[in-house]
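>>> have a look at this prediction, sequence included:
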Amino acid sequence: MGRSLGINLVLLTFFLLQLAHVDGQFQLINIATGSLVTQRGIEGLLLYNGGTVCDDNFDDNSAQAICKLMGHLQFISWRSGESNAMQNNYQITLDDVVCNSGEWEHCTHSSAHNCDHSEDVHLTCGTREIQIGIKMRFLVLLALATVVSTELCHTKGKKAAADRNSINEIKAIVRTGAQFLVGSSCPFLANNIEKILFEKNCRALAKQSICYGKRVAERYSDQTAAVSYGQLAAGVDQLMELGNLACDQGGACYKQISRVIDKKCMKKNKNFVRETIAAAEIAYQANAQASVENFVDANSETLLGEVANLVMGRFSSVSDFEVFLNDFLSKDTQSQIKSDAEEAAEEVVKLAKGFCRSGCFNQSASFIKPLFEAMHGDGDQCMDATQFCGSCKERAHGYLENDGSTLPCCLDKLVQKGIEAYEYIGEQYGEKIEDLSDLVSASLSDAALERAEEIKNELTRQAGCIEESYDEHKPVCKVKKGKKAGKIEEFLSRASIGCIDSGVCTMKNDRNYVRLGIMIVLISMLIFQGILAHGDWKPAVVETKYWLDEDLRDTPLQIKTNSSTGSGDEMNVIFFDSLGGISGVVILNFNEQIEYKLPFCTFDPKPLSNVPLEENKIWTIQRTTDGIKIECNEQIVLDYNVEHCPNGERWVYNRVTAYIVFVEADTATDYFRPKGCDP
């Protein structure tokens, strides 16, 4: 379960990143000021990956497709020509844009050109209906991919039509991104992506998530000043409704998506993960790398720019990242990280289920909304939601004193779990994190280190104010013995300096305050590496020989499934001896009852007994002296004596098994674990 969940989340993350960059390759620049054009009806110089676009074969279809790709419903006008000498500062990065319709998926283009800047395209887009920038796209699709009621979409009139157009635009982008990302590694997923993400169990959640993202974009589209607590309060109800919908349907939607990834992608293609990652790498290089490099160049003297430049210089591909981890971490450490990642994934699922069961979205909204409204007051102070110290803290204290409200225990539990996880990471991987911290911080300039110090000090100050308010109004909740409650300031402070296993914190050097960022990056890399690395559990690829070091009499075969009773799925594994002769077959059918067949011995399916109710099951198949024993989640469900086989047939099950094969009909097996398996 943990490994499967982790792989699916990583793949979905890559998918989201690809989608986020599909429209990020085009930009409009105001040639008079050099700033981005974000409003409709304003002409801008069209850029593609940081360079200009030539007008060869460019027409109204091209203009319409590009405007829609950037989030507008239509183009107003386009022209070509050199209007400003600043255009000479850009390279020409796109030519021969030929579109058969106003949809980008029907366009072709070339990176080679025979143009000069007198042919640069200038474009005016209009009727910006939805801001599909990276931040909003991530928000919308993250709600789709996680275990996320009132109607968030308009149901009547022009606004309803606009919402439908927005949903269709997202679907078009998803279709294009899926073909590029998984078209080769999993054609079924690419060809059916719209059905998988937008229909059946995901239909309502997908629709409402997109509309929620659109409402957020509308709320902040003209934002120039800092976001206020009043604005945050205004969005609480919609977020609560989306959260409740996710609690109701998110689990079924996730299963719908992960089932396809497991059954149609990973099982059919044992290289699915790596091929998908390779496609994502190509997508990054084609759609985003130039923009990132331009950002790094433009911000080379800032902390973020220096860190980004350091990372880009060290890692140019996924293989660079894997080589670095293999050099930096021992096999034992990598194995421990993999195990921790699986356990963490399962814990996240448990927390999410508990959060939903307790109605925590409603409880949290009932606490947060009036608190933020009280902090906002008449809007004459406490206007910046990034600040809590000062007037915001005083207003929060006054409200909590008079109202008697406290943080819901279900929300407090998440805070405590986060702190526990941080402390475990520090104890388990502290030395490695410190080594990497020293390595990175030693490469930063004094100016960058000073800026990091300022950020750290401000975070610590704000955390201190939050900690004080929390201590004064903390909830009385059941806390497991020995677990710390609160300690938010300590959490951030210990992340900023060096803490050793005993819990004693020391300033090893002035550069260690980048530790929190280093920890987040390192642990993310380690978890990802743990997912990529082969462990004891291996994906079951059909029609593939898996050799065993020992016969099933000595080492049982374990199989993981997550098929529901009544799903019609089938487990079908054949055992062979060293000469290729069949030594046994086990078939399990997930009908209204889970039934078994042992060909050569039983001809009609028979029900297993005492099968556990859990959907996630680990089956253990072992040869015994008298026959075959099958356990499910450590409970015996079949103990079959081969003496019951028809005369002359029981010899099959008495042979020594050398290798196994999962046949094409097997739709239930996700992973297996025979000792010494070497596919």
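Right, received. Where do you want to start?

>>> and the host helix or strand of residue 158, which residues are buried?
Using DSSP states H and E, residue 158 maps to helix 157-182. Residues 162-163, 166-167, 169-174, 176-178, 180-182 are the ones in helix 157-182 that count as buried (16 or more other Cβ atoms under 10 Å). For glycine as for every other residue, the C-beta is placed from the backbone atoms N, C-alpha and C.

>>> now for the helix or strand harbouring residue 337, which elements pack on it?
Residue 337 belongs to helix 331-357 when elements are defined using DSSP H and E. Secondary-structure packing of helix 331-357 (3 or more Cβ pairs under 8 Å, 6 or more residues apart in numbering; DSSP states H and E): helix 2-22, helix 236-260, helix 409-441, helix 515-532.

>>> report pLDDT for the closest residue to residue 66 other than its chain neighbours.
Spatially, and ignoring its direct neighbours in sequence, residue 66 is nearest to residue 26 (5.6 Å; Cβ to Cβ, 6 or more residues apart in numbering). Residue 26 is assigned a predicted lDDT (pLDDT) of 82.

>>> repeat for residue 571
Looking at residue 571, its pLDDT reads 93.

>>> follow-up on the earlier one: got the contact list for the residue nearest to residue 66?
Applying Cβ atoms under 8 Å, 6 or more residues apart in numbering to residue 26 gives the contacts 46, 47, 48, 66, 69, 70.

>>> between those, which sits nearest residue 642?
The closest of these to residue 642 turns out to be residue 69 (Cβ to Cβ; 64.2 Å).

>>> where does the closest one land on pLDDT?
Residue 69 carries a pLDDT score of 79 in this model.

>>> next one: residue 114
pLDDT for residue 114: 90.

>>> got it, and residue 226?
Note on residue 226: pLDDT of 69.

>>> repeat that for the one 10 residues further on.
According to the model's per-residue confidence, residue 236 sits at a pLDDT of 83.

>>> and it, how many residues sit next to it?
Neighbours of residue 236 under the rule other Cβ atoms under 10 Å: 20.

>>> could you check how far it is from residue 470?
Relative to residue 470, residue 236 is positioned 20 Å away (Cβ to Cβ, to the nearest Å).

>>> please give the element, helix or strand, for residue 580.
Short version: residue 580 belongs to no helix or strand, going by DSSP H and E.

>>> could you check how many residues crowd around it?
Per other Cβ under 10 Å, the neighbour tally for residue 580 reads 9.

>>> what's the answer for residue 279, then?
18.

>>> mind checking how far the helix or strand containing it is from the chain centre?
According to DSSP H and E, residue 279 maps onto helix 272-287. Remark: helix 272-287 is offset 15 Å from the chain centroid, using Cα atoms, centre = their mean, to the nearest Å.

>>> with stretch 293-310 instead?
On Cα atoms, centre = their mean, the centre of stretch 293-310 falls 25 Å from the chain's centre.

>>> over to stretch 378-398?
Its chain's C-alpha centre and that of stretch 378-398 lie 34 Å apart, by Cα atoms, centre = their mean.

>>> distance across that stretch, terminal residue to terminal residue?
Using Cα to Cα, to the nearest Å, the end-to-end distance of stretch 378-398 comes to 15 Å.

>>> give the buried residues for it.
Counting neighbours by 16+ other Cβ under 10 Å, one finds that the buried residues in stretch 378-398 are 382, 383, 385, 387, 388, 389, 392, 393, 395, 396.

>>> re the thing from before, among the contacts of residue 26, which pair sits farthest apart?
47 and 69 (13.1 Å).

>>> what about residue 273, neighbour count?
Using other Cβ under 10 Å, residue 273 has 20 neighbouring residues.

>>> let me fix that, I meant to ask about residue 442.
By other Cβ under 10 Å, the residues close to residue 442 number 10.

>>> show me where the stretch 351-500 of the chain has strands.
Ranges of strands within the stretch 351-500 of the chain are 498-499, based on DSSP state E, counting those that start in this stretch.

>>> remind me which residues of it are low pLDDT?
In the predicted model of the stretch 351-500 of the chain, residues 379-381, 478-500 satisfy pLDDT under 70.

>>> so what's residue 54 scoring on pLDDT?
93.

>>> how many neighbouring residues does it have?
Residue 54: 26 neighbours (other Cβ under 10 Å).

>>> surely it and residue 91 touch.
No. Between residue 54 and residue 91 there is no contact, the gap being 11.1 Å when judged by Cβ atoms under 8 Å.

>>> in what helix or strand does residue 571 lie?
strand 570-576.

>>> neighbouring strands for the helix or strand just after that strand, and are they parallel or not?
Where DSSP H and E defines the elements, the next helix or strand beyond strand 570-576 is strand 582-590. Here strand 582-590 has these sheet partners by DSSP bridges: strand 570-576 (antiparallel), strand 594-597 (antiparallel).

>>> and those strands as JSON lines, adding distance to residue 423 and mean neighbour count?
JSON lines is the format used below for these (distance: least, Cβ to Cβ, whole Å; neighbours: other Cβ atoms under 10 Å):
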{"stretch": "strand 570-576", "distance to residue 423": "41", "mean neighbour count": "22"}
{"stretch": "strand 594-597", "distance to residue 423": "42", "mean neighbour count": "19"}
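
>>> okay if I get the ones you listed as JSON lines plus distance to residue 270?
Compiled in JSON lines, these are given as follows (distance: least, Cβ to Cβ, whole Å):
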{"stretch": "strand 570-576", "distance to residue 270": "16"}
{"stretch": "strand 594-597", "distance to residue 270": "27"}
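
>>> between those strands, which one is closest to residue 333.
strand 570-576 (33.5 Å).

>>> how far does the closest one sit from its chain's centre?
When distances are taken as Cα atoms, centre = their mean, strand 570-576 is centred 33 Å away from the chain's centroid.

>>> now do stretch 280-291
Worked out by Cα atoms, centre = their mean, stretch 280-291 lies 18 Å from the chain centre.

>>> which residues sit against stretch 365-375?
Residues outside stretch 365-375 that contact it (Cβ under 8 Å, 6+ apart): 229-230, 232-233, 236-237, 239-240, 382, 392, 395-396, 398-400, 403, 405-408, 411.

>>> before we move on, back to that, list the buried residues of the helix holding residue 337.
Neighbour counts using 16+ other Cβ under 10 Å place 334, 336-338, 340-342, 344-346, 348-349, 352, 355-356 of helix 331-357 among the buried residues.

>>> and that helix with helix 409-441, angle?
Going by axes from the mean of the first three to the mean of the last three Cα atoms, to 10 degrees, helix 331-357 is angled at 150 degrees with respect to helix 409-441.

>>> end-to-end on stretch 589-600?
Using Cα to Cα, the gap from the first to the last residue of stretch 589-600 comes to 17 Å.

>>> kindly apply the preceding question to stretch 60-78 instead.
By Cα to Cα, the extent of stretch 60-78 from end to end equals 8 Å.

>>> may I see the buried residues of that stretch?
61-73, 75-76, 78.

>>> now, which of those sits nearest residue 193?
Relative to residue 193, the closest of these is residue 69; by Cβ to Cβ it sits at 17.9 Å.

>>> from residue 419, how far off is that closest one?
The spacing between residue 69 and residue 419, counted by Cβ to Cβ, is 43 Å.

>>> what do you get for residue 372?
Distance from residue 372 to residue 419, by Cβ to Cβ: 24 Å.
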